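A.B. asks: Kindly generate the corresponding structure for this input.
(one chain, ligands or ions: 2)
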Amino acid sequence: MTENTPPKTQEKTIALLVAAGKSERMQSDIPKPYLQLGEKTILRQTVKNFLQHPEIDGVRVVIRREHHVLYKQSIAGLTLFPCVIGGDTRQESVRLGLEAIAHRNPVNVLVHDIARPRTSHALISQVIAALKTSKAVIPAMKVNDTIKRIANGHVRETIDREQLYTVQTPQGFHFDSLYAAHQAACGKALTDDAAVIEMAGGHVTMVDGDSNNSKITTAEDLKRMQSLLTVHSETRVGMGYDVHTLHVHDSDTHVSKQYIKLCGVRIPHTHYLVGHSDADVGFHALVDAILGALGEGDIGTHFPPSDAQWRGADSARFLLHAYELVANRGGAIAHLDLTFICEQPKIGPYRQEMIRHIAQILKLSHDRISIKATTTEKLGFTGRNEGIAAQAVATISLPKVQL
Ligand code: CTP
Ligand code: MG
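C.D. replies: Ligands and ions are numbered 1, 2, ... in the order given. Got it, this is the predicted structure:
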C-alpha cells in the first residue's frame, strides 16, 4: 500500500482484554491470568475465545510489565496486536489500552476481564448487535437473592432488589465515546467502564448476562470452573488416509515441477505428485482426521474434486477450514499424529519445517504435532515409488455444551 492509498476499511470492533491486575484474592504463586484452566491458561482461553469470534477484528491484551515472559508463553502461536502495559487500577489499565488502540480508529471496543474465560459467542454477538443502537452496552443479570445491608454483624436494612442487577463483561462501547469519557475520568476511582460513561452523562443499556460468564476471583472459583470444563468436554479421535500418485517429470507433457509439496513444504524430487489440488498428501490426511473426529464427512465433502475452483489449490486452505470447523464448535485440537509412507523423499530433514507450517495454520504448540515416516520395505505401490501415502490421527476435545 502506498502512502496515498486510503486505509481499506475502518476496523469495526476491537476487543480489549485487561489482565494487569495483582490477583491478590487468588493467593497463588502464579498470577491469575497464567493459571491453567483445562489445557490452556486462563488468558489463552479468553484470548482464543475472542479471536475466534467472527465479528471481532482484533484483540489487544493489557498486562503487567513483570508478566511479560508468562504472557509470551501463554499466547504462543496466536496472532494478536502487541500487548499494552497496564496501570495501578483497572480503570487506568483500560485507559492505557484505549490509548494504544486509538490510532486504529475502531468503531467499537469491547472491554473484557481476562478472568472471564467462558463468555459465549452468543453473548459477544448480542453486545455487538446492541451497539448498532446504543453507544454503551453491558451484560447484566437480575439479582435473585435477598440483599441486606449489614454492619458489624448486624442487619441494618433489607434492600428492595427489584431494580438490582449484577454486571459482567464484555462491556461494549462506541470507541470515541469511551475514549473521551476515560480521558475525562482520569484519576477518579470507578469500578467498571459503564460507570465511566455514566459519569460523563452517557446512556448505558443492558443485554441479558449469562451465568456461565462468571469471573474467576478466588481459588474456589477456579476449582468450580475446572470441574465444569471436565464435565462439559469430551475427547474425539478421527483418522485420515490419503494417497497421491508420483509421476516422473516428462518433457513431452511440459511438466516442469521439480518438487513435491508435503505439509506445505516444497521438497525437491525426481517425481511430482498428481492431484486435483496441490496433491499435498500430508495436509489431506490431517484434514480427513480432523473432519473424522468432528464427524463432518471428508475432504471431498467440503472441497469436491469436481469443483474447478479447487484445481491446483493450496491445501493449507483445506487445513485452515478444518481448524475453523473445530473452533466454531468451541473445540480444540489436542494432538495430531501423521505418518508418511514412502521410500523417497526422506522426511526427517523436513520434519521441523512441516511442524512449523501445521502449528501456524492450526494455532497449535509444536509439542502437539507428531510427524513420522516409514517405508514398506520396497513392497507395494509405495515401495515401487508409484505413490506416497499418509495416515493421520487427530485427537480433539469438544465442549458438550457450546462455550
Ligand atoms: N485489572 C487490570 N489492571 C488492574 C487491575 C485489574 O487490568 N490494575 C484486570 C484484572 O487483570 C482482571 C480484571 O481487571 O482481568 C478484573 O479484576 P479482578 O478480577 O479484580 O482481578 P485482579 O485485580 O487481578 O484480582 P484482585 O482484585 O484479587 O487482586
Ligand atoms: Mg482487582
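A.B. asks: what pLDDT does residue 251 get?
C.D. replies: At residue 251, the pLDDT value in this model is 61.
A.B. asks: Revised request: answer the last question for residue 188.
C.D. replies: So residue 188 comes in at 87 (pLDDT).
A.B. asks: for the residue nearest to it when sequence neighbours are not counted, what are its contacts?
C.D. replies: Nearest non-adjacent residue to residue 188, counting by Cβ to Cβ, 6 or more residues apart in numbering: residue 199, 6.8 Å away. The way it works is simple: take the backbone N, C-alpha and C, and place the C-beta from them, glycine included. By Cβ atoms under 8 Å, 6 or more residues apart in numbering, residue 199 lies in contact with 181, 184, 185, 188, 190.
A.B. asks: The same query, at a cut-off of 7 Å, please.
C.D. replies: Shown in contact with residue 199 (Cβ atoms under 7 Å, 6 or more residues apart in numbering): 185, 188, 190.
A.B. asks: And for residue 363?
C.D. replies: Per Cβ under 7 Å, 6+ apart, neighbours of residue 363: 77, 78.
A.B. asks: and it, how far is that from residue 371?
C.D. replies: Residue 363 is 18 Å from residue 371, where distance means Cβ to Cβ, to the nearest Å.
A.B. asks: follow-up on the earlier one: out of the contacts of residue 199, which one sits closest to ligand 1?
C.D. replies: residue 190 (12.5 Å; Cβ to the nearest ligand atom).
A.B. asks: what ranges do the helices span in the chain?
C.D. replies: Using DSSP state H, the helices of the chain run over 42-51, 68-74, 90-101, 121-130, 175-185, 193-199, 219-232, 281-294, 299-302, 316-328, 351-362, 380-383.
A.B. asks: so which of these gets nearest ligand 1?
C.D. replies: Smallest distance to ligand 1 across these (Cβ to the nearest ligand atom): 3.4 Å, for helix 90-101.
A.B. asks: Dead centre of this structure: give me the residue that sits there.
C.D. replies: Centroid-nearest residue in the chain: residue 48, 2.7 Å away (criterion: Cα atoms, centre = their mean).
A.B. asks: Show the pLDDT at whichever residue of the chain sits closest to ligand 1.
C.D. replies: Closest residue of the chain to ligand 1, Cβ to the nearest ligand atom: residue 21 (2.0 Å). pLDDT recorded at residue 21 is 97.
A.B. asks: quick one: contacts for it?
C.D. replies: Contacts of residue 21 by Cβ under 7 Å, 6+ apart are 32, 90.
A.B. asks: Okay, it and residue 97: tell me how far apart.
C.D. replies: 13 Å.
A.B. asks: and what of residue 352?
C.D. replies: Taken as Cβ to Cβ, the span from residue 352 to residue 97 is 36 Å.
A.B. asks: same thing with residue 304?
C.D. replies: Residue 304 sits 45 Å away from residue 97, going by Cβ to Cβ.
A.B. asks: And residue 130, by the same measure?
C.D. replies: From residue 130 over to residue 97 the distance is 21 Å, taken as Cβ to Cβ.
A.B. asks: now residue 182
C.D. replies: Distance from residue 182 to residue 97, by Cβ to Cβ: 9 Å.
A.B. asks: Compute the first-to-last residue distance for stretch 107-116.
C.D. replies: One end of stretch 107-116 sits 24 Å from the other (Cα to Cα, to the nearest Å).
A.B. asks: That stretch near ligand 1 anywhere?
C.D. replies: Yes: shown here: stretch 107-116 in contact with ligand 1 (Cβ under 6 Å from any ligand atom) through 113, 114, 115.
A.B. asks: Contact residues of the stretch 1-150 of the chain facing ligand 1?
C.D. replies: Checking the stretch 1-150 of the chain against ligand 1 by Cβ under 6 Å from any ligand atom, the hits are 18-25, 32, 62, 86-90, 93, 113-115.
A.B. asks: same thing but at 8 Å, please
C.D. replies: 17-26, 31-33, 62-64, 86-90, 92-94, 113-116 (Cβ under 8 Å from any ligand atom).
A.B. asks: These in strands, which ones?
C.D. replies: Among these, the members found in strands (DSSP state E) are 17, 18, 19, 62, 63, 113.
A.B. asks: Turn the residues you listed into a markdown table, columns for neighbour count.
C.D. replies: Formatted as a markdown table, these follow (neighbours: other Cβ atoms under 10 Å):
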| residue | neighbour count |
| --- | --- |
| 17 | 27 |
| 18 | 25 |
| 19 | 28 |
| 62 | 26 |
| 63 | 27 |
| 113 | 23 |
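A.B. asks: of all those residues, which comes closest to residue 381?
C.D. replies: Nearest to residue 381 among these is residue 17, at 51.6 Å by Cβ to Cβ.
A.B. asks: Do I have it right that the closest one meets residue 115?
C.D. replies: No: Residue 17 lies out of contact with residue 115 (Cβ atoms under 7 Å); the separation is 9.8 Å.
A.B. asks: winner for burial among the helices of the chain?
C.D. replies: helix 281-294 (a mean of 27; mean count of other Cβ atoms under 10 Å).
A.B. asks: Spatially nearest residue to residue 125 (excluding sequence neighbours)?
C.D. replies: Residue 125 sits nearest to residue 55 (Cβ to Cβ, 6+ apart), 6.6 Å away.
A.B. asks: distance between the strand ranked longest in the chain and the chain's centre?
C.D. replies: When the chain is parsed with DSSP E, its longest strand is strand 233-248. When distances are taken as Cα atoms, centre = their mean, to the nearest Å, strand 233-248 is centred 24 Å away from the chain's centroid.
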